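> Pasting the sequence and the predicted model now:
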Amino acid sequence: MNSDCVSLIAPAAAELAAAALFALAYARIPRERDLAIACWLAVAAAAHAIGSEWAPIRPSLTPLSSVPESLQSLGLVASGPLALHFACRFTDFPKRPSIIALGYTAAAASFISLGLGEALGRTTAPHIAAYAVILANATALLVVMSRGLVSGRGGALPITLGASLFLIAIVHDIARVLGFVHTRQFVDLGLGFLVLAVASTGSERTASLAKQLEHSSKELNTRTQELRRSYEDLRTAQEELVKKEQLAVVGELAAVIAHEVRNPLAIIANAVSGLRKQAVSRADHDTLLAIVDEETSRLNRLVQDLLRYARPVNIQRTHFSLVDVLQRAGSQSCADHPGIRTQLQWECEEARIWGDANLIRQVFDNLTDNAVQAMGSEGTLTLRLRASEPDGIPGLAVEVIDTGEGMDAQVRSRARDPFFTTRPSGTGLGLAIVERIVVAHGGRLVIDSHAGEGTTVTVILPYGSADDAPMPDRAFRRGPSSTEPSST
């Protein structure tokens, strides 16, 4: 093997290795199409080197009469538009689709002309035209890369140098073909330098990505600090909002309590004023004392309910049966109302839950009392117990159904509000207390009622366990004017 063959084998091997690396990189990062173009450029350069190794080295153009010579010409013709295509994409050159299309079109035309010249026995003119096209592509490549270098495109300098060497090699080989020089061809070395320069963009990409990563990291740290400050500001604002909300609730409760207390006090003051009169009959005296007693009891109930409503719900969990609680609540509520019938319906076998039995009794005592008072002298009170699994949490649902007058939409929307009541002697805290207890057990209270159709109050309670913690007390923080859906 002579020195010329060795000099051609080395570039071919390097270019094939570069093509394999480009293909592997493109397989890992398909969005980087520059890598695919670089792969084909390396393949074209390797094809020319291999063809040059096989074909005899002559000072004149070789006819395309064999595969090695065809491979040599194809590799050389294709390398020009491929290099130009890569450069245009790499530098984001303006109007690059037109330039790229023109380069490929000219290369295809020159290769076809070579084939026709071989068929017609005319090789000189087609080969000179082919070299002119290659020279034009190499010149355009140098212009594109020079523009990228001037604009500060990272990694443009090595490719510009490679394009310059490639152009010099093309000019030298054209002079060699025309007989002006008689040295060996240099185009393979020029292609080798060009492929090597393109391969150097990998390190430039890595450096660029590292720089972008560092910039993104700094920007992320800055945003993190801003978010942390925003979070602190938001937490401070939220604390202030909670304080203001609490003060607003306290002020609203105070206004309602003052109103509820002022009425009984005014009645008591009027009754005492009447008792002070000298000419008061015994019957009027007894009536006024009864009024004082009634209003005093009303104030006492108001204070008790208010304390019960404001006191945190402290759950002492035991495992008890809801059936016993419901039977007791139904019998007690209907004891003084012979016209009201009670129906107990059990639709599940397991009716035991973990909870505070005394608090749950208070819930159903209150609900059954409300149902009986809504029906008046006659009606049917139905207590239905069934299994329930809202939100995937197994438990029990108790429906307290009455045949009373029901509630319209406005009354139903305010039924849970503290101090809202439609009964003259009520305090309006019973249902609010009930909801607090139910929520503390992890349950839910649902009201379904329509005017003239009765009311169904559904209490949904999970089975729970002995170690369950009380749920957050939403009912008290909700405030007197909130509303919730009345049906599931």
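Noted; the coordinates are in hand.

> Please, where are all the strands along the stretch 301-450 of the chain?
Along the stretch 301-450 of the chain, counting by DSSP state E, counting those that start in this stretch, strands occupy 318-321, 340-346, 352-355, 379-388, 395-402, 444-449.

> Buried residues in the first one, which are they?
Think strand 318-321. By neighbour count on 16 or more other Cβ atoms under 10 Å, the buried set for strand 318-321 is Phe320. No exception for glycine: its C-beta is placed from N, CA and C like everyone else's.

> One more: the second one?
Neighbour counts over strand 340-346 (16+ other Cβ under 10 Å) mark Ile340, Thr342 as buried.

> Just name whatever secondary elements it is in contact with.
Strand 340-346 sits against helix 322-333, strand 379-388, with contacts defined as 3 or more Cβ pairs under 8 Å, 6 or more residues apart in numbering; DSSP states H and E.

> And for the longest one?
Contact analysis of strand 379-388 by 3+ Cβ pairs under 8 Å, 6+ apart lists helix 322-333, strand 340-346, helix 357-375, strand 395-402 as its packing neighbours.

> Can you tell me which of those is nearest to Ala109?
strand 395-402 (81.9 Å; Cβ to Cβ).

> That closest one pairs with which strands?
Applying DSSP bridges to the sheet, strand 395-402 is found paired with strand 379-388 (antiparallel), strand 455-462 (antiparallel).

> Would you mind getting the angle between the shortest one and helix 322-333?
Pointing back at strand 455-462 there. 150 degrees (axes from the mean of the first three to the mean of the last three Cα atoms, to 10 degrees).

> what's strand 455-462 in contact with?
With contact meaning Cβ atoms under 8 Å, 6 or more residues apart in numbering, strand 455-462 is reached by 322, 353, 355, 360, 363-364, 367, 370-371, 374, 388, 390, 393-402, 404, 406-407, 438, 441-449, 488.

> Could you give the average pLDDT over it?
For strand 455-462, mean pLDDT is 91.

> so where is the stretch 101-250 of the chain shaky, pLDDT-wise?
The stretch 101-250 of the chain contains residues with pLDDT under 70 at 115-127, 202-210, 246, 249.

> 90 - rerun?
101-219, 221-222, 235-236, 238-250 (pLDDT under 90).

> ranges for the helices of it?
Along the stretch 101-250 of the chain, counting by DSSP state H, counting those that start in this stretch, helices occupy 124-150, 156-177, 187-199, 201-275.

> Just want to check the distance between the spatially most central residue of the chain and Leu234.
By Cα atoms, centre = their mean, the chain has its centre lying nearest to Leu227, at 17.5 Å. Counting by Cβ to Cβ, to the nearest Å, the separation of Leu227 from Leu234 is 10 Å.

> Leu241 is nearest to which of the strands of the stretch 301-450 of the chain?
Of the strands of the stretch 301-450 of the chain, nearest to Leu241 by Cβ to Cβ is strand 444-449, at 26.3 Å.

> List the buried residues for the closest one?
Buried residues in strand 444-449 (16+ other Cβ under 10 Å): Arg444, Leu445, Val446, Ile447, Asp448, Ser449.

> what's near enough to touch the second one?
The contact partners of Leu445, taken as Cβ under 8 Å, 6+ apart, are Arg416, Val434, Glu435, Val438, Val439, Val457, Thr458, Val459, Ile460.

> what about the first one, how many neighbours?
Yep, that's Arg416 we're talking about. 22 (other Cβ atoms under 10 Å).

> Just read off the phi/psi values of it.
Taking degrees, to the nearest 10, you get phi -90, psi -10 for the backbone angles of Arg416.

> Give me the pLDDT for it.
At Arg416, pLDDT is 76.

> ok, now how distant is it from Gln373?
Look at Arg416 and Gln373: by Cβ to Cβ, they are 17 Å apart.

> Quickly find the element holding the most far-flung residue of the chain relative to its centre.
Here the chain reaches farthest from its C-alpha mean at Ala279, the gap being 80.5 Å by Cα atoms, centre = their mean. Under DSSP states H and E, no helix or strand contains Ala279.

> which ones are touching Leu275?
With Cβ under 8 Å, 6+ apart, Leu275 has these contacts: His285, Leu288, Leu289.

> Which residue ranges make up each domain of the protein?
Domain assignment of the chain by automatic domain parsing yields the ranges 3-199, 214-310, 318-478.

> picking up where we left off before, now that we have the contacts of strand 455-462, which of them are buried?
The buried subset of the contacts of strand 455-462 - by 16+ other Cβ under 10 Å - is 322, 353, 355, 360, 363-364, 367, 370-371, 374, 388, 395-402, 404, 406-407, 438, 441-449.

> Mind listing what's buried along stretch 368-384?
Thr368, Asn370, Ala371, Val372, Gln373, Ala374, Met375, Gly379, Leu381, Thr382, Leu383, Arg384.

> same question but for stretch 156-163, I mixed them up
Buried-residue list, stretch 156-163, by 16+ other Cβ under 10 Å: Ala156, Pro158, Ile159, Thr160, Leu161, Gly162, Ala163.

> Need those in TSV (columns: distance to Glu349).
Shown next, in TSV, are these (distance: Cβ to Cβ, whole Å):
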residue	distance to Glu349
Ala156	81
Pro158	82
Ile159	82
Thr160	86
Leu161	88
Gly162	85
Ala163	87
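
> out of everything not next to it in sequence, what's closest to Ala25?
Ranked by Cβ to Cβ, 6 or more residues apart in numbering and with sequence neighbours excluded, the top spatial neighbour of Ala25 is Leu35, at 4.9 Å.

> likewise Arg96?
Cys88 (3.8 Å).

> ok, now Pro462?
Gly395 (3.8 Å).

> In contact with the one you found, which residues?
By Cβ under 8 Å, 6+ apart, the neighbours of Gly395 are Ile353, Ala387, Ser388, Glu389, Gly443, Ile460, Leu461, Pro462, Tyr463, Gly464.

> just Gln343 next, same as before
Thr380, Leu381, Thr382, Leu383.

> can you tell me how far it sits from Ala387?
Relative to Ala387, and taking Cβ to Cβ, Gln343 is found at 19 Å.

> Same check on Ser465?
Ser465 is 17 Å from Ala387, by Cβ to Cβ.

> Kindly report the same for Ile447.
For Ile447, the distance to Ala387 - Cβ to Cβ - is 21 Å.

> next one: Leu114
In terms of Cβ to Cβ, Leu114 sits 87 Å off from Ala387.

> Name the residue in these two with the higher neighbour count.
Leu114 (23 against 14).

> Look up the pLDDT of the residue nearest to Arg96 for me, please.
In this model, Cys88 carries a pLDDT of 84.

> Can you list the helices and strands that the helix or strand hosting it packs against?
In this structure, Cys88 is located in helix 67-91 according to DSSP H and E. Counting contacts by 3+ Cβ pairs under 8 Å, 6+ apart, helix 67-91 packs against helix 33-54, helix 96-120, helix 124-150, helix 156-177, helix 187-199.

> Need the winner for burial among these.
Of the helices and strands packed on helix 67-91, the one with the most neighbours on average (mean count of other Cβ atoms under 10 Å) is helix 187-199, at a mean of 25.
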